[in-house]
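>>> build me a model:
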Amino acid sequence: MREAQRQLAGNEIRAAMIHVRLALEEIKQQTSWPWPGKKDREQWTAGERWARIRATLEDQASGTVHRQGTKDYQYSRGEVETLIVMTAALLRIVPLKQALAPALPEQVATSAQ
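The predicted model follows:
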């Protein structure tokens, strides 16, 4: 996510979106959230809801790459900022390898002491 932020700071919107998509793919690989299938929303478990949230973010971040009729769409800076923030928020609850996980404020404070 830091690379996505760096790319966005350089106004490289497409490059930032690639890093958002890569992070969402890594989240998918690192989690064991089950897919709800055809169950009614009211019957979804917490893990199934998280799987849907991740998939929805991935769909939003990948729309211009995979969907016909949207290939000419240009993400705005605000849209990319929003996807970065939402993906980073999702990373906070994912048990990723240490190298991929963002430093939490309490971890930063502890390591500085």
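>>> ok, the one residue sitting closest to the centre of the chain - contacts?
The centre of the chain sits closest to residue 87, judged by CA atoms, centre = their mean, with a distance of 2.9 Å. By CB atoms under 8 Å, 6 or more residues apart in numbering, the contact set of residue 87 is 1, 4, 20, 23, 24, 27, 57, 61. For glycine as for every other residue, the C-beta is placed from the backbone atoms N, C-alpha and C.
>>> which SSE is residue 83 in?
Assessed by DSSP states H and E, residue 83 sits inside helix 77-91.
>>> that should have said residue 25, apologies.
helix 13-30.
>>> tell me which residues in the helix or strand following that helix are buried?
With elements assigned by DSSP H and E, the helix or strand that comes after helix 13-30 is helix 46-66. Under the neighbour-count criterion of 16 or more other CB atoms under 10 Å, helix 46-66 has 48, 50, 51, 54, 57, 58, 61, 62 buried.
>>> the helix holding residue 83 - what's its average pLDDT?
Averaged across helix 77-91, pLDDT comes to 94.
>>> ignoring the adjacent residues along the chain, who's closest to residue 77?
Closest residue to residue 77 apart from its sequence neighbours, by CB to CB, 6 or more residues apart in numbering: residue 13 at 6.4 Å.
>>> any stretches of this protein with poor pLDDT?
Scanning the chain for pLDDT under 70 picks out 64-71, 96-113.
>>> at 90 instead, please
Within the chain, the ranges that satisfy pLDDT under 90 run 1-2, 32, 62-75, 93-113.
>>> what's the burial count for residue 84?
Applying other CB atoms under 10 Å, we find 22 residues neighbouring residue 84.
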